[in-house]
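Asker: using only what follows, build the 3D model:
(chains A and B)
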2 protein chains.
Amino acid sequence: MSTQDFHLTCPIPIQQYPAVVMAHGGGGRLMHQLIEKMFVATFGSDNLRTRHDSAQLQLPTARLAFTTDSYVVRPLFFPGGDIGKLAVYGTVNDLAMSGARPLYLSLGMILEEGLPMETLWQVVLSIREAVQATGVQIVTGDTKVVDRGKGDGVFLNTSGVGVIEHDLLIAPQSVRAGDAVILSGDIGRHGIAVMAVREGLEFESAIESDCAPLAEPVLALIEAGIEVHCLRDLTRGGLASAVVEIAEAAQAGIQLEESRIPVREDVRGACEILGFDPLYVANEGRFVAFVPRAQAERAVELLRRFEVCAEAQVVGEVIESPKGTVVLRSVIGTSRVVDMLSGEQLPRIC
Amino acid sequence: MSTQDFHLTCPIPIQQYPAVVMAHGGGGRLMHQLIEKMFVATFGSDNLRTRHDSAQLQLPTARLAFTTDSYVVRPLFFPGGDIGKLAVYGTVNDLAMSGARPLYLSLGMILEEGLPMETLWQVVLSIREAVQATGVQIVTGDTKVVDRGKGDGVFLNTSGVGVIEHDLLIAPQSVRAGDAVILSGDIGRHGIAVMAVREGLEFESAIESDCAPLAEPVLALIEAGIEVHCLRDLTRGGLASAVVEIAEAAQAGIQLEESRIPVREDVRGACEILGFDPLYVANEGRFVAFVPRAQAERAVELLRRFEVCAEAQVVGEVIESPKGTVVLRSVIGTSRVVDMLSGEQLPRIC
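Answerer: Numbers count the residues shown, from 1 in each chain, chains lettered A, B, ... in the order given. Here you go, the predicted model:
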């Protein structure tokens, strides 16, 4: 879209419609106005403009990645991000974890009756910014409205389509003994940023979510010829749950070195106050990569060229046994088995 | 999946987990059990089994259709269907309206804490049945849980990927004066079936939703060489809103003959009681097709071979003017302009 026809003021007259009403999801004139003026005009892809039931896409290759995520984070806005950014980056990142180049997103919104129109507009603007930052296009969408008290402001769903331009099998079954485990940065910030807002905690310096897109560093690894065996972004359940899931699926042993896992001091302090283990706290801009040991140093060096991966480092390795198990060597040299998060630690973190 | 490993009893022990708890969305062990035992085991596509962040698909062609819809229907179960069937058929139908062959679905679930596990299982079984009936595969998914009172049982989102194997431009801009407007069957049943349950209305014979998949009849038209100009399924806003939307987008005049639009007597009666105009009532298994007049008779004949289109017929035509306007000729010969649904008629119908 051109910048001329875009205004940062809410395109729905706030005085007339200060809040979302049921008719904004009813299939009639009001819904069409909301979709045309707020969504199509703001996201402005050709496919959206055709107002067809589905987008028609001509991909450069017939090998593609396809993923979906719903977003129910509470509150909608938090230090370092908001539900709109999460919805774009989260799905872009899921595509990137297949080594795919993210191209197209769908956007499904479930709005609660009474949602301030201005809040919706802020979410839409944030989605627009994230879409532009990642180079993807929103090509199809859907809007539903539920009665007051039957939703929680805004729930989003984004599904994503990307193309796979390499021949690697990036999946747990490619993980081998001898692989290095690379962590892309410090952990725990997203979960703590969200919980701090909810609990009304204040820190000396604000803890901001790490929420960020990860496709560029991942594609840089692949383009440089790194034989990437497996990738996983660290969302709900944190580093521990992601690595345990891979260990179980790959039937491999994984040994992590606690001393090498970066956790910011303020995050560690907040975890102690809140009773959380940083290993299990959610991230939205971090991933682990499994690569052959011989290529690990080069991979780390490549990743560090990206600001979002400036602290990338090898944090562990894949070992023959015990199979399907993750062992953490603590800073004082003791070892313990790491399990998946049991029960619930941080509800509605994404 | 093989039938041996499939049981119709809920795979989550109901006595231990009679209802969904927050931890079912927390990213830990409980969420993994729900996903593995209930979703992956039931839908059982190879892509789901790899438990990767995104599905990897090899399409037969790089030209594809991509669509999304969220489903918030209330109640979850109604005569003739349920939210699970809607979520599969609705998205399959959106793909079909591009003339695409539906292949893959994503499934995003937003569950409310306290949702009876048995209810979730019934929805999952219904999705499975609809997936099998339409030949699509669920290849990627996501599960979120929101606190009690912040959702409404189950909200679903399905996004769909299909392949386009023809060279037609099926879109409003292909509509031409002289095109015949074919309606695939009687209208208004879905909306009335849902409203009747909500309002506690009883009819002599139950009015069932028309909820059904439409890809087969649509693909049959295309394969038979019918030069399909535009297709649109009649969901929220009904026949009227769909046809007005096409008239506006195509800048064409559309004349409809009221006498040719089938409405069942009981549906007409219920509309009178509830104060609805059947033209605006939602359908979930009906569509309009715009085809050249010379091919209309053959198209109707082809459609009628399918049970879901047994009452297909020409209900109108595209005329030169007035542009962007839909005119309805009533049974007594008077004419009136049909507008899009204004305001809200039937909330949460899909």
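Asker: ok, the nearest residue to residue A:178 once chain neighbours are set aside to residue A:227 distance?
Answerer: Excluding the flanking residues, the one nearest residue A:178 by CB to CB, 6 or more residues apart in numbering or on different chains is residue A:293, at 5.3 Å. For glycine as for every other residue, the C-beta is placed from the backbone atoms N, C-alpha and C. For residue A:293, the distance to residue A:227 (CB to CB, to the nearest Å) stands at 11 Å.
Asker: low pLDDT regions in chain A?
Answerer: A:1-7, A:343-344 (pLDDT under 70).
Asker: stretch A:33-52: how far from the chain's middle?
Answerer: 24 Å (CA atoms, centre = their mean, to the nearest Å).
Asker: that one: end-to-end distance?
Answerer: End-to-end distance for stretch A:33-52: 16 Å, by CA to CA, to the nearest Å.
Asker: touching chain B at all, it?
Answerer: Yes - interface with chain B: stretch A:33-52 contributes A:50, A:51, A:52 (CB under 8 Å from any CB of the partner chain).
Asker: repeat for stretch A:115-126
Answerer: No - Stretch A:115-126 stays clear of chain B (CB under 8 Å from any CB), getting no nearer than 13.0 Å.
Asker: go through that stretch and flag the buried ones.
Answerer: Using 16 or more other CB atoms under 10 Å in any protein chain shown as the test for burial, stretch A:115-126 gives A:115, A:117, A:119, A:120, A:121, A:122, A:123, A:124, A:125, A:126.
Asker: tell me which of the residues you listed fall in helices.
Answerer: Among the buried residues of stretch A:115-126, the members found in helices (DSSP state H) are A:117, A:119, A:120, A:121, A:122, A:123, A:124, A:125, A:126.
Asker: residue A:50 against residue B:171, yeah?
Answerer: Yes - between residue A:50 and residue B:171 there is a contact under CB atoms under 8 Å: 5.8 Å.
Asker: any idea how far residue A:89 is from chain B?
Answerer: As defined by CB to the nearest CB, to the nearest Å, residue A:89 lies at a distance of 13 Å from chain B.
Asker: please list all residues in contact with residue A:203.
Answerer: Contacts for residue A:203 (CB atoms under 8 Å, 6 or more residues apart in numbering or on different chains) come out as A:196, A:266, A:269, A:270.
Asker: just to revisit the earlier point, residue A:50 and residue B:171: who's more crowded?
Answerer: residue B:171 (22 against 19; other CB atoms under 10 Å in any protein chain shown).
Asker: list only those of the contacts of residue A:203 flagged as buried.
Answerer: A:196, A:266, A:270.
Asker: which ones among those residues also lie next to chain B?
Answerer: Near chain B, judged by CB under 8 Å from any CB, there are no entries from the buried ones among the contacts of residue A:203.
Asker: okay, and which of those residues map to helices?
Answerer: Residues from these lying in helices, with DSSP H as the criterion: A:196, A:266, A:270.
Asker: mind giving me the domain ranges of chain A?
Answerer: A:3-163, A:172-338 (automatic domain parsing).
Asker: quick one, what contacts residue A:318?
Answerer: Residue A:318 sits next to A:175-181, A:250, A:252-255, A:290 when contact means CB under 8 Å, 6+ apart.
Asker: of those residues, grab the buried ones for PyMOL.
Answerer: Restricted to buried positions by 16+ other CB under 10 Å, the PyMOL selection for the contacts of residue A:318 reads:
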select buried, chain A and resi 175+179+180+181+250+252+253+254+255+290
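Asker: for the contacts of residue A:318, which one is nearest chain B?
Answerer: Within these, the smallest distance to chain B is 10.9 Å, found for residue A:250 (CB to the nearest CB).
Asker: and the gap between the residue minimising distance to the centre of chain A and residue B:333?
Answerer: Nearest to the geometric centre of chain A sits residue A:90, at 2.3 Å (CA atoms, centre = their mean). Remark: distance between residue A:90 and residue B:333 (CB to CB) = 57 Å.
Asker: which of the buried residues of stretch A:115-126 sits closest to chain B?
Answerer: Nearest member of those to chain B, counting by CB to the nearest CB, is residue A:115, at 13.0 Å.
Asker: identify the residue spatially nearest to residue A:160, adjacent ones excluded.
Answerer: Residue A:160 sits nearest to residue A:91 (CB to CB, 6+ apart), 4.2 Å away.
Asker: packing partners for the helix or strand containing residue A:128?
Answerer: Residue A:128 belongs to helix A:117-134 when assigned by DSSP states H and E. With contacts taken as 3 or more CB pairs under 8 Å, 6 or more residues apart in numbering or on different chains; DSSP states H and E, helix A:117-134 sits against helix A:41-43, strand A:81-82, helix A:83-96, strand A:100-112, strand A:137-146, strand A:154-164.
Asker: can you give me the strands in chain A?
Answerer: A:55-58, A:63-71, A:77-78, A:81-82, A:100-112, A:137-146, A:154-164, A:179-183, A:230-233, A:253-257, A:287-292, A:313-319, A:325-329, A:335-338 (DSSP state E).
Asker: the second one packs against which elements?
Answerer: Applying 3+ CB pairs under 8 Å, 6+ apart, one finds that strand A:63-71 makes contact with helix A:83-96, strand A:154-164, strand B:55-58, strand B:100-112, strand B:137-146, strand B:154-164.
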